[in-house]
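1. Below are the sequence and a predicted model for it; my questions follow.
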Amino acid sequence: MEYRVKFTLFPLFTLFFLSACAKMAAPDGGPEDETPPEIISVLPPPGAGYPDLREITVEWSERLEEASVTVLIYPAVKYDLDVSGSTLKVELESAVGPEPLVIHLPEEIQDRRGNQSGISEYLVYSSGDSLPGGQLVIAMTKQGGGNLSSITLVELYNDSTLVRRTSPDSTGTAWIKWLEPGTYRVLCYEDPDRSYDWNSQQEAGIDSSFVIAENDSIRMDAVLTVVDTLGPVLTEITALDSYHVELLFNEEVSYESFDSGEVILEDSTGNDIPVNGFWIPGGFSGNTVVLETCKIPDARITARITGVEDLILNPSRPDSMEFFGLDSIPADSLRIRSYYPAPGSDNADPAGPYRISFNYWIDPDSLAERFSLTRVTDSAVVHGTLNVVDGRSFTFYPEHQLVGEQQYRFELLPGLSTLWGDTLKNPFRWAFSPLWGDEPGSISGRITGSASANLKLQISRTGGGGDAAVNYMDVRAGEYRVNDIHAGRYTVAAFVDMDGGGTWDPVEPYGTYPGVVLVQPGLVTGNVNIEILP
């Protein structure tokens, strides 16, 4: 038998041509997926009334990275964890009992693109009729100030059973819910080594206990302390330029605690390099201190430090460290960094303090010669005290409270300069108005026109803080002085109280001071002279 094969050339040729022209490549991608995984459903829903519950299934919006998934269960029970795609399943060895079982899904759970959930979820179950309503709120601070460690733990125990472990939020506050009535032990501590074990001699913490009633809510203020007798240790020194040195300690110090110690810089010949001032970048306390010095040579320098205290007043031991100077001037120009009150404000505290700060150390005497506060209406100079906050920040306290609703102006004359020759060449001014304060003032003067023994002074408020009440005071003819008058604007009059009624009647001889009297805080307003007319 003869077989014949029939070819259809055109379709085959077309197929060959298309296959030759095709180019294999990955499809174009869109924007990178940065959406965090979210919980879509939980079966069964958290709550009470589950006497035979052994399995909880959590469905997520994204497929999960299995290695990132951990589940924390309180109190501790045996369980199996299964992660398959976007499904997380917890299988309990024993059914849930009447005590609440809390399943914590940490915020570190990731999808397969590395996006973290970012939200800690708590699933609570019980075989009872309802979940307990007890709640503990703990507000944590650190002894001596400073910031809590980013790894701070709160552990709650009932007898020896760990009931819950959680962490505070950015404000240092932690909430623990669904607590049954009873006595609990609470342990709060910093755990930078992630050991889940409080080292009381190195880590700040507190160990306390409390009793909670049914459905009660308790708030605790916890001050985390360290059973520590070691002072700060100098770990690194860096020359920032020829006039600034940065010190790094192993723990936080404050301006006052650093100022309690002694810092000596010596060049290679043993001569001291003067330290003009210092500051802590970024706030009141920190691990870093910047020194401003006289010019440092580009050579080996020795720093000797002793007596610097940490925030709980443990002094450092004598220590020394060598570093090399740097031959360069600071990159930034001398400038005003901040000032207060804000220009144009009308609600400043009349008692101060008022502040000004610079980006470098400023000689206090040079600043005092150029810095002044005056009242705009009469150019009266306000006397006060200029205090050094740190090497570059200053506060001004007026000798007496300022007069409310009056405009005042700060002025800084040109001429402030740095050791490397940078100078503020232009004057700087800003104005503000304070509120009325509570410091009293006085008025004085002379009363003429009557020798009666029944003279009364009438002081009526016309402006300023407080009420508009009228005050009456017994005075005698001739010189007088009245103290403890609230600062403000007043009209002042005098009259003969003929009927002893304590207030003025139209038939009684009367006289008034022509104009408004401004009573200034802490000062005597004189020459408030009054002539009584028949």
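-> Here it is on my side, so go on.
2. from here on, contacts and neighbour counts on C-alpha atoms
-> Noted.
3. State the pLDDT value of the most centrally placed residue in the chain.
-> The residue lying closest to the centre of the chain (CA atoms, centre = their mean) is G283, at 8.9 Å. Per-residue pLDDT puts G283 at 73.
4. and it, what element?
-> G283 belongs to no helix or strand when assigned by DSSP states H and E.
5. And the helices in this structure, which stretches?
-> For the chain, the helices defined by DSSP state H cover 9-21, 255-259, 364-370.
6. Least reliable of those helices by average pLDDT, please.
-> For the helices of the chain, mean pLDDT drops lowest on helix 9-21, to a mean of 40.
7. so where is the chain shaky, pLDDT-wise?
-> Within the chain, the segments meeting pLDDT under 70 span 1-30, 227-228, 463-468.
8. Which positions within the lengthiest strand in it qualify as buried?
-> Longest strand of the chain, by residue count under DSSP state E: strand 244-254. Using 16 or more other CA atoms under 10 Å as the test for burial, strand 244-254 gives 244-249, 251-254.
9. Pull the most distant pair out of those.
-> Maximum pairwise distance among the buried residues of strand 244-254 (CA to CA): 21.0 Å, between H244 and E251.
10. domains for this structure, by residue range?
-> Segmentation of the chain into domains, based on automatic domain parsing, reads 39-125, 134-224, 234-324, 336-432, 440-531.
11. Pull up the distance across the third one, start to finish.
-> Yep, that's domain 234-324 we're talking about. 16 Å (CA to CA, to the nearest Å).
12. distance of the residue lying closest to V154 once chain neighbours are set aside from I119?
-> Distances taken as CA to CA, 6 or more residues apart in numbering put C188 closest to V154, at 4.5 Å, once the chain neighbours are dropped. For C188, the distance to I119 equals 21 Å [CA to CA].
13. who's more crowded, those two?
-> Counted by other CA atoms under 10 Å, C188 and I119 do not tie: C188 has more neighbours, with 26 against 14.
14. pretty sure that one contacts D207?
-> Yes. Under the criterion of CA atoms under 8 Å, C188 is in contact with D207, at a separation of 6.7 Å.
15. Mind giving me the packing neighbours of the longest strand of the chain?
-> Strand 244-254 sits against strand 234-239, strand 285-293, with contacts defined as 3 or more CA pairs under 8 Å, 6 or more residues apart in numbering; DSSP states H and E.
16. With distance to G500 and mean neighbour count added, can I get those in JSON lines?
-> JSON lines is the format used below for those (distance: least, CA to CA, whole Å; neighbours: other CA atoms under 10 Å):
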{"stretch": "strand 234-239", "distance to G500": "78", "mean neighbour count": "18"}
{"stretch": "strand 285-293", "distance to G500": "65", "mean neighbour count": "21"}
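17. Check the gap between L224 and G515 for me.
-> For L224, the distance to G515 - CA to CA - is 61 Å.
18. Which of these two has more residues huddled nearby?
-> L224 (20 against 10).
19. Identify the residues contacting the more buried one.
-> 140-143, 188-189, 204-206 (CA atoms under 8 Å, 6 or more residues apart in numbering).
20. If we use 10 Å, what do you get?
-> Neighbour list for L224: 140-145, 148, 188-190, 203-207 [criterion: CA atoms under 10 Å, 6 or more residues apart in numbering].
21. for G231, same thing?
-> Applying CA under 10 Å, 6+ apart, the residues near G231 are 249-251, 253, 306-317.
22. so which of those residues comes closest to P106?
-> E251 (29.5 Å).
23. Test my guess that that closest one contacts P232.
-> Yes. Using CA atoms under 10 Å, E251 is in contact with P232, at 5.8 Å.
24. Now do the buried residues in stretch 424-436.
-> Of the residues in stretch 424-436, those buried (16+ other CA under 10 Å) are 424, 430-436.
25. which of those residues sit farthest apart?
-> L424 and W436 (34.1 Å).
26. need the contact list for S345.
-> Taking CA under 10 Å, 6+ apart as the test, what S345 contacts is 407, 431-434.
27. make it 7 Å
-> Taking CA atoms under 7 Å, 6 or more residues apart in numbering, we find S345 in contact with 432-433.
28. likewise E180?
-> 132, 134, 214.
29. Kindly report the same for G526.
-> So G526 contacts 443-445 (CA under 7 Å, 6+ apart).
30. tell me, how many neighbours does the spatially closest residue to it that is not a sequence neighbour end up with?
-> If the residues on either side of it in the chain are set aside, G526 comes closest to S444, at 4.7 Å by CA to CA, 6+ apart. Neighbour count of S444, defined by other CA under 10 Å: 16.
31. Also D159?
-> Neighbours of D159 (other CA under 10 Å): 11.
32. likewise L265?
-> Counted with other CA under 10 Å, L265 comes out at 20.
33. who does the nearest residue to it once chain neighbours are set aside bridge with?
-> In space, and not counting its chain neighbours, L265 is closest to A303: 4.6 Å by CA to CA, 6+ apart. Beta-bridge partners for A303, by DSSP bridges, are L265, M321.
34. A303 reaches S268, doesn't it?
-> No. The criterion here is CA atoms under 7 Å, and A303 misses it with S268 at 11.1 Å.
35. Looking at these two, which is more packed in?
-> A303 (18 against 11).
36. distance of that one from L291?
-> In terms of CA to CA, A303 sits 11 Å off from L291.
37. show me what contacts P297?
-> P297 neighbours (CA under 7 Å, 6+ apart): G325.
38. er, Y122 I mean
-> 102-105.
39. in terms of contact, does S254 touch G283 like I think?
-> No. Counting by CA under 7 Å, S254 does not reach G283; the two are 8.9 Å apart.
40. what about the closest residue to L131 other than its chain neighbours, neighbour count?
-> Using CA to CA, 6+ apart and skipping residues adjacent in sequence, the residue nearest L131 is A48, 5.9 Å away. The local packing of A48 (other CA under 10 Å) involves 19 other residues.
41. State the phi and psi torsions of A48.
-> phi -100, psi 170 (degrees, to the nearest 10).
42. Touching, it and S126? I think so.
-> Yes. Shown here, A48 and S126 form a contact pair, counting by CA under 7 Å, at 4.6 Å.
43. What distance do you get for E91 to R54?
-> E91 is 6 Å from R54, by CA to CA.
44. same thing with L136?
-> Relative to R54, and taking CA to CA, L136 is found at 28 Å.
45. related to what we said a few turns ago, looking at the contacts of L224, which two lie furthest apart in space?
-> Across those (CA to CA), the longest gap, 18.9 Å, separates G145 and D207.
46. Any idea how far apart the tips of stretch 360-374 sit?
-> 26 Å.
47. if I pick W361, what's in contact with it?
-> W361 neighbours (CA under 7 Å, 6+ apart): 277, 292, 391-392.
48. Mark which of those are part of strands, please.
-> Those of these lying in strands (DSSP E): 277, 292.
49. buried subset of the contacts of W361?
-> Buried among the contacts of W361 by 16+ other CA under 10 Å: 277, 292, 391-392.
50. In JSON lines: the residues you listed, plus distance to E531.
-> As requested, the buried ones among the contacts of W361 are exported to JSON lines (distance: CA to CA, whole Å):
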{"residue": "G277", "distance to E531": "60"}
{"residue": "E292", "distance to E531": "64"}
{"residue": "G391", "distance to E531": "57"}
{"residue": "R392", "distance to E531": "55"}
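51. Alright, I will stop here.
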